[in-house]
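[1] Just the structure for this:
(chains A and B)
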Amino acid sequence: MSNSFSFEKGFAVVGADEYGYLKTLRKEIFSITKDVFKLPNSEPEEGLNNFHKNIKGMALGELNKLRIELIQRITAECDVRELVFKAFEKRLLGLLGPDILAQKNCNLVLQPPGDPNPSELHRDAPANSPYELVAWVPLVDCFGTKAMYILDIKNTEKAFEFLNSNPTNWTGFESYAKSLAMTPKVSFGEALIFHTGCLHGSDINAENETRVSLNIRYKNIFSPSGLKNQLQFFSPLRVSEVARLGSLLEARELKK
Amino acid sequence: MKQFYSCIDALLPAPQPEQHEVSKKKATKEGGQIVFYGAEEYRVVKHQPFILNKLQRTAGIDGVVFFTIDQFCYGQTFNLKLLCDILNSKFSVHFAREDISFSSVKEVEEKFITLSAYFHAFRRSSDISQEEILGIVS
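    I've put the predicted structure just below:
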């Protein structure tokens, strides 16, 4: 792990501590994608990058149906939250502490070239907890418009100052925010870890490969939750011995 | 097929039919159906005195589906005693919105850390809401 790691800006591109977990995860996800979309490719990287070539001409309704089936199967068959956590464990433990909740269902984004529905400019907190982190994990190398853009905390504040002064000018806000944004290159084997308070989004993918990425949220069990019901969206992933003993004692007292 | 009692949240502004829909879905997921339903009188939601008696008096019930775990968070402490009393009376307990189920006290103890953290987060946001309301009216 590099000693120069800093999270001051609210985000960082980090290399996996354990690359093997990501390789396993990509292999599993590709195998399900291949099955659902009947892809001819045999190599995960080539198959995912060229995903768009195999859905050409597919009706939007059918595409959406298969996309939902894919996400449901990944949720049921892959332990995404555990594998991503293990891949970046040292960083995540350092940022969040030893008692960790992970999002119950992870999100998979397939962004073929020219897809007119990229992720709009937004930040997660509020309504998510401001004590939460997002791990954005590409399953293919992401660069340029195939990657996502993000504003650091300082520039996010600047952008919101603009919106506060021009509350009805969303287009102006969007172009001002994008002028402050960075588009970090994130290769397979890395993650963009960011604070839920950072503005982010993606543009229409103008590269000639499909972007395939996962995003999943982690927070400390004891940090304040946002407006979203913590038990609905998260479940425990790691519990320290002290927290375990503490909760047993608390439970004993409350049962009296 | 298992028979469940549905206990909806008397304090939630969500309409009852919406709560019933979500509870019904949870009952189906747990291999059963809702056969009776009710709710605590809103003046006593902090203590929930109704539900355990009701379960014991209703024949053929396997468990209870609460709409949300919030129903155990309206008092000064998490109402763990009631949750354990229901389980010790051989009823399973399910929470529809959170999609969580318990069939034994041991399971509750193992997962209590997340219930406790949720309770404190719940109380914190309730306290903030009260402060906001008081701030507006003062």
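[2] Give the other helices and strands that the longest strand seen in chain A contacts.
    Counting residues, the longest strand in chain A under DSSP state E turns out to be strand A:211-220. If contacts are counted by 3 or more C-beta pairs under 8 Å, 6 or more residues apart in numbering or on different chains; DSSP states H and E, strand A:211-220 sits against helix A:19-37, helix A:80-87, helix A:89-96, strand A:100-103, strand A:107-111, strand A:132-138, strand A:234-238. (C-beta placed from N, C-alpha, C; glycine too.)
[3] Now do the second one, average pLDDT.
    Yep, that's helix A:80-87 we're talking about. Average pLDDT, helix A:80-87: 97.
[4] how near is the nearest residue to B:Ala96 once chain neighbours are set aside to chain A?
    Among residues not flanking B:Ala96 along the chain, B:Lys26 sits closest, at 3.9 Å (C-beta to C-beta, 6 or more residues apart in numbering or on different chains). According to C-beta to the nearest C-beta, to the nearest Å, B:Lys26 stands 12 Å off from chain A.
[5] A:Phe194 sits in which helix or strand?
    Assigning secondary structure by DSSP states H and E places A:Phe194 in strand A:190-195.
[6] packing partners for the very next helix or strand once past that strand?
    Counting by DSSP H and E, the next helix or strand C-terminal to strand A:190-195 is strand A:200-201. Judged by 3+ C-beta pairs under 8 Å, 6+ apart, strand A:200-201 is in contact with strand A:149-150.
[7] Centre of the chain to the strand it packs on, how far?
    12 Å (C-alpha atoms, centre = their mean, to the nearest Å).
[8] I would like the residues contacting it, please.
    Residues outside strand A:149-150 that contact it (C-beta atoms under 8 Å, 6 or more residues apart in numbering or on different chains): A:11, A:178, A:181-184, A:192, A:194, A:198-203.
[9] Give me the buried subset of these.
    A:11, A:178, A:181, A:183-184, A:192, A:194, A:198-203 (16 or more other C-beta atoms under 10 Å in any protein chain shown).
[10] Point out the residues in the stretch 51-200 of chain A that sit beside chain B.
    A:Asp99, A:Leu101 (C-beta under 8 Å from any C-beta of the partner chain).
[11] quick one: A:Phe51 from chain B, how far?
    31 Å.
[12] Pull the contacting residues for that residue.
    So A:Phe51 contacts A:Thr33, A:Phe37, A:Leu39, A:Leu110, A:Pro112, A:Thr210, A:Val212 (C-beta under 8 Å, 6+ apart).
[13] Looking at pLDDT only, which of those scores worst?
    Ranking these by pLDDT, A:Leu39 lands last with 90.
[14] Return the distance of it relative to A:Glu46.
    10 Å (C-beta to C-beta, to the nearest Å).
[15] For the strand holding A:Phe194, name the packing helices and strands.
    Against strand A:190-195 (3+ C-beta pairs under 8 Å, 6+ apart) you get strand A:11-15, helix A:89-96, strand A:132-138.
[16] quick one: it to helix A:19-37, angle?
    Angle, strand A:190-195 to helix A:19-37, by axes from the mean of the first three to the mean of the last three C-alpha atoms, to 10 degrees: 100 degrees.
[17] that older thread, list just the nearest of the contacts of strand A:149-150 to B:Lys81.
    Using C-beta to C-beta, A:Phe194 comes nearest to B:Lys81 of the contacts of strand A:149-150, at 41.7 Å.
[18] hang on, isn't that closest one packed against A:Val134?
    Yes: in this structure A:Phe194 lies within contact range of A:Val134 using C-beta atoms under 8 Å: 5.3 Å.
[19] Overlap in contacts, these two.
    By C-beta under 8 Å, 6+ apart, no residue touches both A:Phe194 and A:Val134.
[20] one step back: and the strand holding A:Phe194, how far from the chain's centre?
    8 Å.
[21] Residues touching that strand, excluding its own?
    Contacts for strand A:190-195 (C-beta under 8 Å, 6+ apart): A:7, A:10-16, A:84, A:87-88, A:91-92, A:95, A:125, A:130, A:132-138, A:148, A:150, A:153, A:184, A:186, A:200.
[22] swap in stretch A:118-129?
    A:109, A:111, A:132, A:134, A:148, A:156, A:173-174, A:177-178, A:195-205, A:217, A:219, A:223-228, A:230.
[23] ok, now stretch A:168-178?
    With C-beta under 8 Å, 6+ apart, stretch A:168-178 has contacts from A:Leu121, A:Tyr149, A:Leu151, A:Asn155, A:Ala159, A:Phe162, A:Leu163, A:Asn166, A:Leu199.
[24] residues touching the residue lying closest to the first one once chain neighbours are set aside, list them.
    For A:Leu121, ignoring the flanking residues on the chain, the nearest one in space by C-beta to C-beta, 6+ apart is A:Gly201 at 4.1 Å. Contact criterion C-beta under 8 Å, 6+ apart gives A:Pro118, A:Ser119, A:Glu120, A:Leu121, A:His122, A:Met148, A:Tyr149 as the residues in contact with A:Gly201.
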